[in-house]
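> build the 3D model from these lines:
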Amino acid sequence: MLWPLLTVAALRVPNRKSILRALDLFASTNLDFADALSVAHMERMKLTTIISYDRDFDKVSGIQRKEP
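Alright, predicted model coming up:
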């Protein structure tokens, strides 16, 4: 439901591509939205490792989770 609203060109949305990618991840991996947004920002910055106890990050290919 948010996708059409976020793609309206006249609407100013900071980090629009990251938010849209996070929505895709949220729907396809069952990550919570905050985690999906973290992954989207990581992808944008070409980062592949996250330090976290949250095993949900293991659901995302291309992201390696390390425990602190």
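
> for the protein, what spans make up the strands?
For the chain, applying DSSP state E gives strands covering 49-51, 64-66.

> list the buried residues in the first one.
Neighbour-count burial for strand 49-51 flags Ile50 (criterion: 16 or more other Cβ atoms under 10 Å). For glycine as for every other residue, the C-beta is placed from the backbone atoms N, C-alpha and C.

> show residues contacting it.
Under the criterion Cβ atoms under 8 Å, 6 or more residues apart in numbering, residues Ser38, Val39, Met42, Phe57, Ile63, Gln64, Arg65, Lys66, Glu67, Pro68 lie in contact with strand 49-51.

> how about the third one, what does it touch?
Contact criterion Cβ under 8 Å, 6+ apart gives Thr48, Ile50, Ile63 as the residues in contact with Met42.

> rewinding a little: for Arg16, which of the strands of the chain is the nearest?
strand 49-51 (22.4 Å; Cβ to Cβ).

> mind checking how far that closest one is from the chain centre?
In terms of Cα atoms, centre = their mean, to the nearest Å, the gap separating the centre of strand 49-51 from the centre of its chain is 14 Å.

> in the protein, which helix or strand is least confident?
Ranked by mean pLDDT, DSSP states H and E, the helix or strand of the chain with the weakest confidence is helix 2-6, at a mean of 61.

> before we move on, the earlier item: mind putting the strands of the chain in JSON lines, mean pLDDT included?
Supplementary listing: the strands of the chain in JSON lines, determined by pLDDT from 0 to 100:
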{"stretch": "strand 49-51", "mean pLDDT": "97"}
{"stretch": "strand 64-66", "mean pLDDT": "97"}
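
> which among the ones you listed is found nearest to Leu25?
It is, among these and with distance given as Cβ to Cβ, strand 49-51, at 13.2 Å.

> mind listing the helices for the protein?
Ranges of helices in the chain, per DSSP state H, are 2-6, 16-29, 33-44.
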